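**Q** predicted structure and sequence below. I'll ask about it afterward.
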Amino acid sequence: MKILVLDGDGIGPEIAGATVRAVDALNHRLNLGLEIERADSGLSSLEKNGATLTDDVMAKAADSDGVILGPTHSIVYPAPEDGGINLSPWFRKTFDLYANIRPSKARAGVPAMAPDMDLVIARENTEGFYADRSMYQGSGEFLATEDVALAVRKITRSASQRIAESACRLAMTRRRKLTIVHKRNVLKLSDGLFYDTVLDVAAGYDGLEVDEAIIDAMTALVVRHPGTFDVVVTTNMFGDILSDLCAELSGGLGLGPSINAGANHAIAQAAHGSAPDIAGKNTANPTALLLSTSMLLEWLGDRHGREDLTNAARRLDEAVDAQLADAAGRTADLGGPLGTDSFGEAIASRIAG
């Protein structure tokens, strides 16, 4: 089984290095048979090869079983025709990664504003208000006149059905509770279609409790009663915003993992950015990418019926939890003394032991 690792930009090479050490330890300890390959991407690849993502790396990604993608600093990339291919959209569109799954969980010993939070946001990842996802050709955002900007929001029944299926299946493995987040009181047609479609899908899951919340009320509810939520399913932009809020409440974006998954491909990708201001200082927290990789291993285990990969995901989660529970085992952002490298080495040691 092939895993491609793309470092990305900023702190990406550092946190990807820590993650690879952990995966190597799992590979050795559990005899997983994983083939790990690292390849150039982002600004490093642009400088060396003239493109942030080369044809060769694209082919390797297509041939891999899973990808670990470090954060990117795409805002400084040149235009695509000048080699500035934005990695995240390329993966999402090329492999139709329709489900962005983002857990937020308070972890023992880590200061959190919502210590009882343990929820997962299932975010639709291919449409909504995002200008690059609304149109077959052209942009979903445009100027009608010099002084009038318009945006098109696309919601389809098919996309709503498949994120609903992902969310329902996930909820059935947890506490069997699904919350649909929407704004159908105002966006009556688009969010009305999303809500009705999710409700229809959820009706096919016996024992699944379903409720709903309007997005503005939901932002208050996850602050006031975070422990009441299990799996939250929502549209693209609402999910993007809500998941960052939940990550901060549960301990910070540095702990926020995510996976972007489709029918046949998935990538592990931390929810945070590339933090160029601390790049190369060995201070970045690799937890989010480590936990994202755990999610990727679990996805691969489920898809291929490989219990050893599922066990590897659990072992990685447990190693991260044990490391974070020790005040002397955390990185500087959490008040600890460890650098990125030493944190990664500690995780690998826990796995090996």
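**A** Thanks, I have the structure now.
**Q** tell me the centre residue of the chain?
**A** residue 258 (2.0 Å; C-alpha atoms, centre = their mean).
**Q** now for residue 240: which residues touch it?
**A** residue 123 (C-beta atoms under 8 Å, 6 or more residues apart in numbering). (C-beta placed from N, C-alpha, C; glycine too.)
**Q** which parts of the helix or strand containing it are buried?
**A** Assigned by DSSP states H and E, residue 240 belongs to helix 236-249. For helix 236-249, the neighbour count (16 or more other C-beta atoms under 10 Å) marks 236, 238-240, 242-249 as buried.
**Q** give me the distance from it to the chain's centre.
**A** Helix 236-249 sits 11 Å away from the centroid of its parent chain (C-alpha atoms, centre = their mean, to the nearest Å).
**Q** hey, where'd the strands end up in the stretch 1-150 of the chain?
**A** For the stretch 1-150 of the chain, the strands defined by DSSP state E, counting those that start in this stretch occupy 2-6, 35-39, 66-69, 99-105, 118-124, 141-145, 148-151.
**Q** could I have the second one exported to PDB, CA atoms only?
**A** Once side chains and other backbone atoms are set aside, the C-alpha atoms of strand 35-39 remain, and they are given as PDB (Å, rounded to 0.1, in the frame of the first residue of the first chain):
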ATOM      1  CA  GLU A  35       5.500   2.200   1.100                       C
ATOM      2  CA  ILE A  36       6.100   5.800   2.100                       C
ATOM      3  CA  GLU A  37       7.400   8.200  -0.500                       C
ATOM      4  CA  ARG A  38       8.000  12.000   0.000                       C
ATOM      5  CA  ALA A  39       7.900  14.300  -3.000                       C
END
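**Q** who touches it?
**A** 1-7, 16, 20, 23-24, 27, 56-57, 60, 64.
**Q** how about 7 Å then?
**A** 1-7, 20, 23-24, 57, 60 (C-beta atoms under 7 Å, 6 or more residues apart in numbering).
**Q** looking at the strands of the stretch 1-150 of the chain, which is closest to residue 230?
**A** Of all the strands of the stretch 1-150 of the chain, strand 118-124 sits nearest to residue 230, with 6.0 Å by C-beta to C-beta.
**Q** okay, now the domains of the protein?
**A** According to automatic domain parsing, the chain comprises the domains 1-102+253-353, 113-249.
**Q** from those, which stretch is densest packed?
**A** The highest mean neighbour count among the domains of the chain, using mean count of other C-beta atoms under 10 Å, belongs to domain 1-102+253-353: a mean of 20.
**Q** what about the stretch 251-353 of the chain, any weak spots by pLDDT?
**A** Within the stretch 251-353 of the chain, no range satisfies pLDDT under 70.
**Q** just the helices in it please.
**A** Secondary structure of the stretch 251-353 of the chain by DSSP state H, counting those that start in this stretch: the helices cover 287-304, 307-325, 340-352.
**Q** tilt between the longest one and strand 99-105?
**A** What that stands for is helix 307-325. Angle, helix 307-325 to strand 99-105, by axes from the mean of the first three to the mean of the last three C-alpha atoms, to 10 degrees: 40 degrees.
**Q** please state the offset of helix 307-325 from the chain centre?
**A** Centroid separation for helix 307-325 versus its chain: 17 Å, with C-alpha atoms, centre = their mean.
**Q** need the pLDDT of the residue lying closest to residue 150 once chain neighbours are set aside.
**A** In space, and not counting its chain neighbours, residue 150 is closest to residue 144: 5.3 Å by C-beta to C-beta, 6 or more residues apart in numbering. Residue 144 is assigned a predicted lDDT (pLDDT) of 94.
**Q** quick one: residue 144 from residue 151, how far?
**A** Distance of residue 144 to residue 151, computed by C-beta to C-beta, to the nearest Å: 11 Å.
**Q** quick check: neighbours shared by these two?
**A** Common contacts of residue 144 and residue 151 (C-beta under 7 Å, 6+ apart): none found.
**Q** with distance to residue 90 added, can I get the contacts of strand 35-39 in JSON lines?
**A** As requested, the contacts of strand 35-39 are arranged in JSON lines below (distance: C-beta to C-beta, whole Å):
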{"residue": "1", "distance to residue 90": "22"}
{"residue": "2", "distance to residue 90": "19"}
{"residue": "3", "distance to residue 90": "18"}
{"residue": "4", "distance to residue 90": "13"}
{"residue": "5", "distance to residue 90": "16"}
{"residue": "6", "distance to residue 90": "11"}
{"residue": "7", "distance to residue 90": "16"}
{"residue": "20", "distance to residue 90": "22"}
{"residue": "23", "distance to residue 90": "23"}
{"residue": "24", "distance to residue 90": "27"}
{"residue": "57", "distance to residue 90": "10"}
{"residue": "60", "distance to residue 90": "13"}
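**Q** now, among those, which is nearest to residue 181?
**A** Among the contacts of strand 35-39, and counting by C-beta to C-beta, the member closest to residue 181 is residue 6, at 31.3 Å.
**Q** in CSV, could you pull the C-alpha coordinates for stretch 157-169?
**A** These are the backbone C-alpha positions of stretch 157-169, laid out as CSV (Å, rounded to 0.1, in the frame of the first residue of the first chain):
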residue,chain,number,x,y,z
ARG,A,157,-29.4,16.9,-4.2
SER,A,158,-26.6,14.5,-5.2
ALA,A,159,-23.9,16.3,-3.2
SER,A,160,-26.2,16.7,-0.2
GLN,A,161,-27.0,13.0,-0.4
ARG,A,162,-23.4,11.8,-0.3
ILE,A,163,-22.3,14.0,2.5
ALA,A,164,-25.4,12.9,4.4
GLU,A,165,-24.5,9.3,3.9
SER,A,166,-21.0,9.9,5.2
ALA,A,167,-22.3,11.8,8.2
CYS,A,168,-24.9,9.1,9.0
ARG,A,169,-22.5,6.2,8.7
